[in-house]
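[1] Got a predicted structure here, sequence first:
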Amino acid sequence: MSGVNRTRSGRPGVADGRAGVAGGRPGAVGGRPGAVVGRPGAVGANLPAMRSHNSALVLDLLRTAGEDGISRLELAERTGLTPQAVSKITARLREDGLAVEAGRRASTGGKPATVLRLVPDAGHAVGIQLDRDELRAVLVDLDGTVVAERREAVDLGAGSDAVLGAVVELAGELAERGGDTLLGVGVGAPGPLDHSHGVLHRVTGFPEWDGFPLRDALAERLGVPVVVDKDSNAAALGLAVGGEGGSFACLLLGTGLGAGLVIGDTVHRGARTGAGEFGHQVVQLDGPPCHCGNRGCIEALCLAAVARGDVAEAARVLGVGAANLAGLLDIDLVLLGGRTIAAAPEPFVRGVAAVLDERARREGGLGTTVPVRLAPGGDRGVAEGAAQLLLAPLFGRADG
């Protein structure tokens, strides 16, 4: 696997150069002392990263096999690796505490096959959604299960010291649960931002955050690796890791409006993490002003309709934007998320679907209605996806 380096013990650690990981400063490997969120001087550990792409493939198959497990022979067949290579990889995973034997499976011929399964609590990540008025945080184990969560109000306009202090406190509470298996912290924040360097740009309504190095500032305070991405990208990554395949758009409507794009099973961020700034496409030239400086943006129109209680109109406007996106990218699916949609899911799904269906009918034989569904995970989808910013690379997903 690309992006791993060796620790002094000879085991691989988190790569210094991996995009999104601050300064390459993981906690200690193999139980050596290291900094843990909110607990100065406490013992912490960074899960040993994979030595190769092949190891990541095996680990991912263990993850998807679940409690039933998978045999070494099946691993060899599904990866194309030799049985000898699989044996070496699984032995190393067992040594690192990532895999364990889970009994034997009856065989149609020969001796019963030993099956292996992932050890989910061998590693954890904290995922945080930093919204304009709220923090939501989850602690997630290796197979993506949420084992703890917290939420509290926050004012993004209160200044960086207050906001970072709240993030550190919330992350620290969850880090206590993760103990020495904590991999790091992923943050999904309002865009636009620079994912590669973890720097915020002009967050709509909060221009004072422009240029703020959120990733490095948090990593300095937390003492663990930090990855920062747009909230919509984090949500889309979580859906893709969770099994949503193909090409789809995850539209998030909350205090703002954005889109996470997955093209060919990979999160599409664009050259400058600018892809998915969905809310600021202008659909009404003489429309109401938006905080971004334009007039008639989808975000401004949607939020105004929601504020006056006209959910049907908000859904119609959202549907127009979704139809434009579907026509431009020829995606397979539109998923709707965010807390505003979670408060009235059926009207939004129905309204957006109606606009897409109408466009497909106008296009005649060339048009196929793009299905619209509610994104699973409810209003914690961003926080769960933010945790996958740390976990996904361990399973071979470079877009984490």
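    Now that the structure is in, tell me what you want to look at. Residues are numbered from 1 along each chain as shown.

[2] doesn't residue 149 fall inside a strand?
    Yes: counting by DSSP: H, G, I helix; E, B strand; the rest coil, residue 149 is found in a strand.

[3] so who does it touch?
    By C-beta atoms under 8 Å, 6 or more residues apart in numbering, the residues touching residue 149 are 136, 137, 138, 139, 174, 380, 383. The C-beta positions use only the backbone N, C-alpha and C, and glycine is treated the same way.

[4] Could you point out the helix or strand that follows the helix or strand that contains residue 64?
    Assigned by DSSP states H and E, residue 64 falls within helix 53-65. Next in sequence after helix 53-65, counting helices and strands by DSSP H and E, comes strand 70-71.

[5] Any chance you could list what contacts that following strand?
    With contact meaning C-beta under 8 Å, 6+ apart, strand 70-71 is reached by 61, 62, 105, 113, 114, 115, 116, 117.

[6] still on that earlier bit, what comes up buried for the helix holding residue 64?
    Of all the residues in helix 53-65, those buried under the rule 16 or more other C-beta atoms under 10 Å are 54, 55, 56, 57, 58, 59, 60, 61, 62, 63, 65.

[7] residue boundaries of the strands in the stretch 51-200 of the chain?
    Using DSSP state E, counting those that start in this stretch, the strands of the stretch 51-200 of the chain run over 70-71, 99-105, 113-118, 124-130, 134-141, 146-153, 182-189, 193-194, 199-200.

[8] Least confident of those strands, on average?
    For the strands of the stretch 51-200 of the chain, mean pLDDT drops lowest on strand 99-105, to a mean of 87.

[9] ok, back up a step: can you lay out the contacts of residue 149 as TSV showing distance to residue 265 and neighbour count?
    Shown next, in TSV, are the contacts of residue 149 (distance: C-beta to C-beta, whole Å; neighbours: other C-beta atoms under 10 Å):
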residue	distance to residue 265	neighbour count
136	26	24
137	27	26
138	24	25
139	26	24
174	29	26
380	23	21
383	22	31
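
[10] out of the residues you listed, what pair is the most spread apart?
    Using C-beta to C-beta, those span at most 13.0 Å, a distance reached by 174 and 380.

[11] Spit out the residues that contact these two alike.
    Both residue 174 and residue 380 are in contact with 138, 149, where contact means C-beta under 8 Å, 6+ apart.

[12] just to revisit the earlier point, got the CA positions of the helix holding residue 64 in PDB?
    The C-alpha coordinates for helix 53-65 follow below in PDB (Å, rounded to 0.1, in the frame of the first residue of the first chain):
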ATOM      1  CA  HIS A  53      -1.600  -3.200  -0.900                       C
ATOM      2  CA  ASN A  54      -2.100  -7.000  -0.600                       C
ATOM      3  CA  SER A  55      -2.400  -6.700   3.100                       C
ATOM      4  CA  ALA A  56      -5.100  -4.100   2.700                       C
ATOM      5  CA  LEU A  57      -7.000  -6.300   0.300                       C
ATOM      6  CA  VAL A  58      -7.000  -9.100   2.800                       C
ATOM      7  CA  LEU A  59      -8.000  -6.900   5.700                       C
ATOM      8  CA  ASP A  60     -10.900  -5.500   3.600                       C
ATOM      9  CA  LEU A  61     -12.100  -9.000   2.900                       C
ATOM     10  CA  LEU A  62     -12.000  -9.800   6.600                       C
ATOM     11  CA  ARG A  63     -14.000  -6.700   7.300                       C
ATOM     12  CA  THR A  64     -16.700  -7.500   4.700                       C
ATOM     13  CA  ALA A  65     -16.900 -11.100   5.800                       C
END
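
[13] Renumber starting at 26 from here on
    Got it, the first residue is 26 from now on, which makes the last one we talked about helix 78-90.

[14] From residue 312, how far out is residue 209?
    The spacing between residue 209 and residue 312, counted by C-beta to C-beta, to the nearest Å, is 42 Å.

[15] distance of residue 408 from residue 171?
    Look at residue 408 and residue 171: by C-beta to C-beta, they are 8 Å apart.

[16] Mutual contacts of the two, please.
    Counting by C-beta under 8 Å, 6+ apart, the residues touching both residue 408 and residue 171 are residue 163.

[17] How about residue 97, nearest residue that isn't a chain neighbour?
    Excluding the flanking residues, the one nearest residue 97 by C-beta to C-beta, 6 or more residues apart in numbering is residue 111, at 5.1 Å.

[18] now swap in residue 362 and tell me
    In space, and not counting its chain neighbours, residue 362 is closest to residue 400: 3.6 Å by C-beta to C-beta, 6+ apart.

[19] that older thread, quick one: the strands of the stretch 76-225 of the chain as CSV, columns for distance to residue 424 too.
    Putting these into CSV (distance: least, C-beta to C-beta, whole Å) gives the following:
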stretch, distance to residue 424
strand 95-96, 24
strand 124-130, 24
strand 138-143, 21
strand 149-155, 16
strand 159-166, 17
strand 171-178, 21
strand 207-214, 13
strand 218-219, 16
strand 224-225, 19
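
[20] picking up where we left off before, contacts only, for the residue nearest to residue 97.
    For residue 111, the contacting residues are 83, 97, 100, 101, 104, by C-beta under 8 Å, 6+ apart.

[21] re the thing from before, out of the strands of the stretch 76-225 of the chain, nearest to residue 283?
    Of these, nearest to residue 283 by C-beta to C-beta is strand 207-214, at 10.2 Å.

[22] Would you mind pulling up the elements that the helix holding residue 89 packs against?
    Under the contact criterion of 3 or more C-beta pairs under 8 Å, 6 or more residues apart in numbering; DSSP states H and E, helix 78-90 touches helix 97-104, helix 108-120, strand 138-143.

[23] just for the stretch 276-425 of the chain, where's the confidence low?
    Low-confidence segments of the stretch 276-425 of the chain, defined by pLDDT under 70: 389-392.
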